[in-house]
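*Asks:* dropping a prediction and its sequence here:
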Amino acid sequence: MEVGFLGLGIMGKAMARNLLRNGFRVTVWNRTLSKCQELVSEGASVGETPASVVKKCKYTIAMLSDPSAALSVVFDKDGVLEEISSGKGYIDMSTVDADTSSKISEAITKKGGYFLEAPVSGSKKPAEDGQLVILAAGGKELYEEITPAFNVLGKKSFFLGEVGNGAKMKLVVNMIMGSMMNALSEGLCLADKSGLNPQTLLDVLDLGGVANPMFKLKGPAMIKGSYAPAFPLKHQQKDMRLALALGDEHAVSMPVAATANEAFKKARGLGLGDHDFSAVFEAVKGKGSSGDA
Ligand SMILES: NC(=O)C1=CN([C@@H]2O[C@H](COP(=O)(O)OP(=O)(O)OC[C@H]3O[C@@H](n4cnc5c(N)ncnc54)[C@H](OP(=O)(O)O)[C@@H]3O)[C@@H](O)[C@H]2O)C=CC1
Ligand SMILES: O=CC(=O)O
């Protein structure tokens with residue numbers, strides 16, 4: 001099966017590589033074209049523009065940073081829309097809001113193409129291991145046709161119905177995740193300030209009802225102040241912002257998420273946007289210590 005792949009960031013590179021390793025013929029494009037070279041050395045072809053990738057491939061997958069990137073790659077000059085046509089499928093796996101996804105869906109389907117949104121849950125390591133959770137919505141026919149690729153990229157795919165449902169599900173999940181990361185940060189901070197060993201806190205948490213893979217994975221690195229990016233903080237803050245907008249739309253009060261978003265914004269202000277999202281701990285520590293002795 002031949003697929004195009006647009007966007008070779010932390011996630012896209014790992015995903016495109018998995019497709020290559022599993023026998024797919026992959027044509028890649030990245031805004032910074034030089035980043036394609038690594039995958040070319042592993043057997044990928046390069047398209048000079050999103051349009052040229054779509055022209056070549058029946059199916060094109062995108063994994064881009066945010067709504068403005070997702071829109072730009074479709075609607076701008078040399079974009080996806082210039083070459084999408086009847087029989088071709090476009091699968092956007094970026095985390096965006098439902099409105100962005102709907103705009104892309106309408107434009108693609110108006111030109112006769114098929115559209116599927118398919119954001120993923122799971123970070124750099126699950127992407128490398130083909131263990132993502134795929135939250136698809138939109139064209140059911142395209143979902144079925146692209147399932148062989150999803151089987152390589154993920155451990156489970158959900159088909160959630162109409163376009164927008166995948167985006168919304170992803171935002172709800174990441175809103176919870178961002179709030180949990182803030183709770184962990186505050187807990188580590190409180191443990192430390194009150195004379196407890198933060199590592200012992202992690203050990204206790206891991207044996208109880210709130211044990212979870214994220215605390216287990218991120219906690220020890222946070223204690224060391226090590227934030228190599230798996231999920232960049234700027235993207236987590238984007239997801240909090242988009243989830244809060246979804247809350248506005250439906251008049252759902254989300255004070256916990258709103259406060260967590262403030263901490264992520266503060267962390268971005270501290271220059272931590274390209275660090276892992278667990279670096280919000282640094283902002284929480286700053287907040288916790290202000291006014292204290
Ligand atoms: N990292 C993670 O753990 C997870 C991330 N996600 C989501 O997946 C998406 C990608 O994340 P990730 O790979 O971590 O992000 P990265 O920041 O590592 O990569 C972003 C990609 O988007 C491209 N890009 C950014 N702006 C534009 C633009 N205006 N036009 C064209 N391309 C653009 C970048 O190109 P260039 O190289 O030129 O900058 C790069 O290829 C995001 O929506 C994120 O929220 C979902 C699950 C997990
Ligand atoms: O979006 C991030 C993730 O870990 O999932």
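*Replies:* Yep, it's here. Ligands and ions are numbered 1, 2, ... in the order given.
*Asks:* what's around the nearest residue to Ala267 once chain neighbours are set aside, how many residues?
*Replies:* Spatially, and ignoring its direct neighbours in sequence, Ala267 is nearest to Ala283 (3.9 Å; CB to CB, 6 or more residues apart in numbering). The C-beta positions use only the backbone N, C-alpha and C, and glycine is treated the same way. Ala283 has 22 neighbours, counted by other CB atoms under 10 Å.
*Asks:* let me know the helix or strand that Ala283 is in.
*Replies:* Ala283 belongs to helix 280-289 when elements are defined using DSSP states H and E.
*Asks:* can you check Gly4 too?
*Replies:* strand 2-6.
*Asks:* residues making contact with that strand?
*Replies:* 12, 15-16, 19, 24-30, 44, 47, 50, 53-54, 56-64, 73, 80, 149 (CB atoms under 8 Å, 6 or more residues apart in numbering).
*Asks:* how about stretch 120-127?
*Replies:* For stretch 120-127, contacts defined as CB under 8 Å, 6+ apart pick out 10-11, 14-15, 18, 93, 131-135, 153-155, 170, 173-174, 230-231.
*Asks:* show the buried residues in these.
*Replies:* The neighbour count (16 or more other CB atoms under 10 Å) marks 10-11, 14-15, 18, 93, 132-135, 153-154, 170, 173-174, 230-231 as buried among these.
*Asks:* run through the residues you listed and flag the ones next to ligand 2.
*Replies:* Contacts with ligand 2 within these, as defined by CB under 6 Å from any ligand atom: Asn174, Phe231.
*Asks:* residues touching Thr95, list them.
*Replies:* With CB under 8 Å, 6+ apart, Thr95 has these contacts: Asp66, Pro119, Ala167, Lys170, Leu171, Asn174, His235, Lys238, Asp239, Leu242.
*Asks:* SS state for it?
*Replies:* Assigned with DSSP: H, G, I helix; E, B strand; the rest coil, Thr95 falls in the coil class.
*Asks:* any idea how far Asp78 is from the closest residue to it other than its chain neighbours?
*Replies:* Nearest non-adjacent residue to Thr95, counting by CB to CB, 6+ apart: Pro119, 4.8 Å away. According to CB to CB, to the nearest Å, Pro119 and Asp78 sit 25 Å apart.
*Asks:* looking at the two, which one has more neighbours?
*Replies:* Pro119 (26 against 15).
*Asks:* the strand or helix carrying Asn261 close to ligand 1?
*Replies:* According to DSSP H and E, Asn261 maps onto helix 255-269. No - judged by CB under 6 Å from any ligand atom, helix 255-269 makes no contact with ligand 1; its nearest approach is 12.6 Å.
*Asks:* what's that helix packed up against?
*Replies:* Under the contact definition 3 or more CB pairs under 8 Å, 6 or more residues apart in numbering; DSSP states H and E, helix 255-269 sits against helix 165-193, helix 233-249, helix 280-289.
*Asks:* that helix - what's its average pLDDT?
*Replies:* Taken as a whole, helix 255-269 has an average pLDDT of 98.
*Asks:* strands along the stretch 1-150 of the chain, start to end?
*Replies:* When assigned using DSSP state E, counting those that start in this stretch, the strands of the stretch 1-150 of the chain occupy the ranges 2-6, 25-29, 45-46, 59-62, 89-92, 114-117, 120-121, 132-138.
*Asks:* out of those, deepest packed?
*Replies:* Of all these, strand 89-92 has the most neighbours on average by mean count of other CB atoms under 10 Å, namely a mean of 28.
*Asks:* direction included, what does that strand pair up with?
*Replies:* Its sheet considered, strand 89-92 pairs with strand 59-62 (parallel), strand 114-117 (parallel) by DSSP bridges.
*Asks:* and Ala70, what does it touch?
*Replies:* By CB under 8 Å, 6+ apart, Ala70 lies in contact with Ala62, Leu64, Asp92, Ser94, Val96, Thr100, Ser101, Ile104.
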